[in-house]
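Chemist: What follows is a predicted structure for the sequence shown.
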Amino acid sequence: MIEKGIKGTSLKDIASTVGISKGTLYYHYAAKEDIIYDLADAHLNQINDQLLYWIEHEAAVSTNTTEQIFKVILEKIVYAETRGKFHFYLIANAITDNEALRDRFIEKYEDWRKTLAHGLKLVLKDRCVNCEMLSYLILATLDGLIVQRMFSREPLPLDGIAKILAELS
């Protein structure tokens, strides 16, 4: 789908790529959009699971500095192997012509932001001035950093970015 686009990819192409018959694929998925929704859900849930794991782990140990905490958030999401190109491919399709996928992204982004704000409150405790606004800033930063990671030849300066986020908190 990344190579041919959603519209240019047939169920036959998908079945062939995964090494099953078209009939077997039809048994599980009646339409290509059903596959896309399942892939998107799995992808979006993985990101949410990473955020929840981070919250549970950091809230338990929380001896890190604010800067170290932000660096961990950035590294876990920016360098998640499944995120990059596939994430933005799904976003592009959600923005351009797939209203159902767009609705899923709207819902998930709001979940991520709330999860992140909650996690920041738990982990940073009294060190966070406005965790709600900071959660918006971090999500926007993460998406931007993922794009930069895809197109940059140099390592991302996550230490410096984490330091700035810590100063803002």
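Modeler: Arrived safely.
Chemist: Which parts of the chain belong to which domain?
Modeler: Residue ranges for each domain of the chain read 1-30, 32-168, as given by automatic domain parsing.
Chemist: Pipe the ones you listed into JSON lines and attach mean pLDDT and mean neighbour count per row.
Modeler: Quick note: C-beta positions are derived from backbone N, CA and C, even for glycine. Rendered in JSON lines, the data for those read as follows (pLDDT from 0 to 100; neighbours: other CB atoms under 10 Å):
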{"stretch": "domain 1-30", "mean pLDDT": "82", "mean neighbour count": "13"}
{"stretch": "domain 32-168", "mean pLDDT": "79", "mean neighbour count": "15"}
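Chemist: how close does the residue nearest to the spatial centre of the chain sit to Ser10?
Modeler: Central residue check for the chain by CA atoms, centre = their mean: the C-alpha nearest the mean position is that of Ile47, 4.7 Å away. Applying CB to CB, to the nearest Å, the value for Ile47 to Ser10 is 28 Å.
Chemist: do Tyr79 as well
Modeler: Using CB to CB, one gets 33 Å for the distance from Tyr79 to Ser10.
Chemist: ok, now Gly19?
Modeler: From Gly19 over to Ser10 the distance is 16 Å, taken as CB to CB.
Chemist: show me the contacts for Leu124.
Modeler: For Leu124, the contact set (CB atoms under 8 Å, 6 or more residues apart in numbering) comprises 66, 69, 131, 169.
Chemist: returning to what we had before: the residue nearest to the centre of the chain touches Trp112, doesn't it?
Modeler: Yes. Taking CB atoms under 8 Å as the definition, Ile47 is a contact partner of Trp112 at 6.6 Å.
Chemist: Got phi/psi on Leu134?
Modeler: Torsion angles at Leu134 (phi, psi; degrees, to the nearest 10) stand at phi -60, psi -30.
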